[in-house]
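S.K.: okay, predicted coordinates and the sequence, questions at the end:
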Amino acid sequence: MNAAPGGFRVGLLGHGTVGSAFAHLLPAQAGRIELITGLRPAISGVLTRSSGSFEEILEVSDLIVELIGGIEPAREYVLSAMRAGRHVVTANKQLLSQHGEELWQTARANGVQLRFEGAVAGVVPVIRVVQESLSGATIDRVHGIVNGTTNFILTEMARTGMTFAEALAEAQRLGYAEADPSDDVGGRDAAAKMAILARLAFDTPVHLDQVRYEGIEQIQPDDLEYARELGLGLKLIGTAERIDGGLSVRVHPAFLYPGHPLASVNGPFNAVTVESPEITEITMSGPGAGGPQTASAVLGDVVSAMIPPASTPPTMRVLEIVHDVVSAFYLHLEVADRPGVLAGVAQVLAEHEVSVKSVVQKGLGEQARLVMVVHPVLESRFAGAMAQIARLDVLRAPPRAIRVLEEEFG
Ligand SMILES: NC(=O)c1ccc[n+]([C@@H]2O[C@H](COP(=O)([O-])OP(=O)(O)OC[C@H]3O[C@@H](n4cnc5c(N)ncnc54)[C@H](OP(=O)(O)O)[C@@H]3O)[C@@H](O)[C@H]2O)c1
């Protein structure tokens, strides 16, 4: 394989949701990638149904990015590229979950890399972590929310009481579900991703046909309502685990207790939890799909394929370090049990423009206390209010404050 002097030629197959985002992202990041790898990447050709020739693009490329999807002709293109000595990056879970062994074998035989971070959980770097970072650990179990469409639908059903059909229509309106959502809502998309994860985590061939899967079409709003009263949340969970010396790989709806690392993954987000005796448990979460998100995972794979040489590039800017940030706070005050205490505290908070979200008065006499949560406020301003509150003669002990994370994702 001969790279152009100083350059690295990337042939792009597919220019749809992910392909077009990739074509936009690569030139924007080319300078930074050159600092990391020593080579400046550029798109050498683009293939769609109506334009471009695979053979001509292959001829002028050092690496092929496959973003066509489906089995054929993607499989043939990926195999041909690797046989011609080109690295390949793909986000095609259907292809890998059904023809992975043939593809990985071809990559090994030709001494090229086949990278596929974007195929599982979008931009969440689960492939790299399972395949590389955790290669020294023995994995016992992998749990994943690996389909953003179904997670969005279940989140909406739980949040609003919508039926499955209504939540699906909402997902389609917002672009979280495709016109034909059957692979997503029926569990087959998640099953393909779990097959790939299981293959890597347990070092054994796993074909999509070996994964048992159920979807979420049968879920009724009252399932979610009753479960909520019990503190349970419903997710479409993929599991791959060792059982009696064998391996189970499955996808089905499951209730989770709030303490489970996947319980708080809402909306179109994905997350994967890896359990191992050496590491206990690692959970990774983030956007599971989307053109720009998946394109960034694909470009990360391109950079990995370009390395070596690997280096930490020099910084390109000096950012100011910010110390005073905005945070919500929980505030716990042990106070005298007499009229006007709350008003006095509220006045100090108001003077510092700290606004109260909720307040409860608890206990009597020596046990009297005010517990409140304040809306996000600049920490320095909150500290000023705290200092003044600490001087109030109605306080029986120094005030206690704990930050509250209020970020909402998805
Ligand atoms: N969309 C996501 O958020 C997402 C997330 C993770 C992974 N992925 C994976 O990324 C891949 C691409 O998905 P996408 O959503 O970008 O698909 P897409 O929007 O449907 O785009 C597919 C592209 O491939 C081209 N194409 C299709 N058949 C072809 C053929 N026979 N020969 C040449 N070109 C062909 C299409 O050409 P035309 O432009 O001429 O139609 C189009 O440009 C899939 O494997 C998908 O599973 C997608």
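M.R.: Thanks, I have the structure now.
S.K.: which residue ranges form the helices in this protein?
M.R.: 17-37, 54-59, 74-83, 93-110, 126-128, 148-160, 164-173, 182-185, 188-202, 221-229, 291-306, 341-351, 379-390 (DSSP state H).
S.K.: what bridges to I282?
M.R.: V274 (DSSP bridges).
S.K.: check contacts around the closest residue to the ligand within the stretch 201-350 of the chain.
M.R.: Minimum separation of the stretch 201-350 of the chain from the ligand (C-beta to the nearest ligand atom) falls at A289, amounting to 3.4 Å. From N, CA and C alone the C-beta is placed, and that goes for glycine too. Counting by C-beta atoms under 8 Å, 6 or more residues apart in numbering, A289 touches G122, G148, T149, Y176, P268, N270.
S.K.: which of those come close to the ligand?
M.R.: G122 (C-beta under 6 Å from any ligand atom).
S.K.: out of the contacts of A289, which one has the lowest pLDDT?
M.R.: Ranked by pLDDT, these bottom out at G122 (88).
S.K.: ok, it - how many residues close by?
M.R.: 27 (other C-beta atoms under 10 Å).
S.K.: does it touch G148 like I think?
M.R.: Yes - using C-beta atoms under 8 Å as the test, G122 is close enough to G148 to be in contact (7.3 Å).
S.K.: my read: R115 touches A91, true?
M.R.: No - taking C-beta under 8 Å as the definition, R115 is not a contact partner of A91, at 9.8 Å.
S.K.: next one: phi and psi at D203?
M.R.: The phi/psi pair for D203 (degrees, to the nearest 10) reads phi 60, psi 40.
S.K.: what's the spacing between it and G238?
M.R.: Noted for D203: a distance of 18 Å to G238, by C-beta to C-beta, to the nearest Å.
S.K.: neighbour-wise, which of the two wins?
M.R.: Counted by other C-beta under 10 Å, D203 and G238 do not tie: G238 has more neighbours, with 29 against 10.
S.K.: check the gap between the more buried one and V185 for me.
M.R.: 14 Å.
S.K.: same check, this time on V126
M.R.: V126 sits 22 Å away from V185, going by C-beta to C-beta.
S.K.: who touches S53 in this structure?
M.R.: L47.
S.K.: with the one 3 residues further on instead?
M.R.: Contact partners of E56, counting by C-beta under 8 Å, 6+ apart, are G45.
S.K.: spell out which residues of the chain are next to the ligand.
M.R.: For the chain, the residues in contact with the ligand (C-beta under 6 Å from any ligand atom) are 14-19, 47-50, 67-69, 73, 91-93, 118, 122, 289-291, 294.
S.K.: so where is this structure shaky, pLDDT-wise?
M.R.: By pLDDT under 70, the weakly predicted segments of the chain are 1-5, 309-313, 315, 406-410.
S.K.: pick out the residue of it closest to the ligand.
M.R.: G16 (1.8 Å).
S.K.: next one: phi and psi at that residue?
M.R.: phi -100, psi -140.
S.K.: next, find the distance separating it from L114.
M.R.: Computed as C-beta to C-beta, the G16 to L114 distance reads 21 Å.
S.K.: of the two, which one has the most company?
M.R.: L114 (23 against 13).
S.K.: which strand residues bridge the more buried one?
M.R.: Beta-bridge partners of L114, as defined by DSSP bridges: V88.
S.K.: I figured it hits N92, correct?
M.R.: No - shown here, L114 and N92 do not form a contact pair, counting by C-beta under 8 Å, at 10.9 Å.
S.K.: shared neighbours, the two?
M.R.: Residues touching both L114 and N92 (C-beta under 8 Å, 6+ apart) are V78.
S.K.: what's the domain layout of this protein?
M.R.: 7-119, 126-286, 326-404 (automatic domain parsing).
S.K.: how far off centre is the second one?
M.R.: Going by C-alpha atoms, centre = their mean, to the nearest Å, the spacing between the C-alpha centre of domain 126-286 and its chain's C-alpha centre is 12 Å.
S.K.: gap between the two ends of it?
M.R.: Taking C-alpha to C-alpha, to the nearest Å, domain 126-286 runs 10 Å from one end to the other.
S.K.: please apply the same query to the last one.
M.R.: End-to-end span of domain 326-404 (C-alpha to C-alpha): 11 Å.
S.K.: what does the first one give?
M.R.: The first and final residues of domain 7-119 sit 27 Å from each other (C-alpha to C-alpha).
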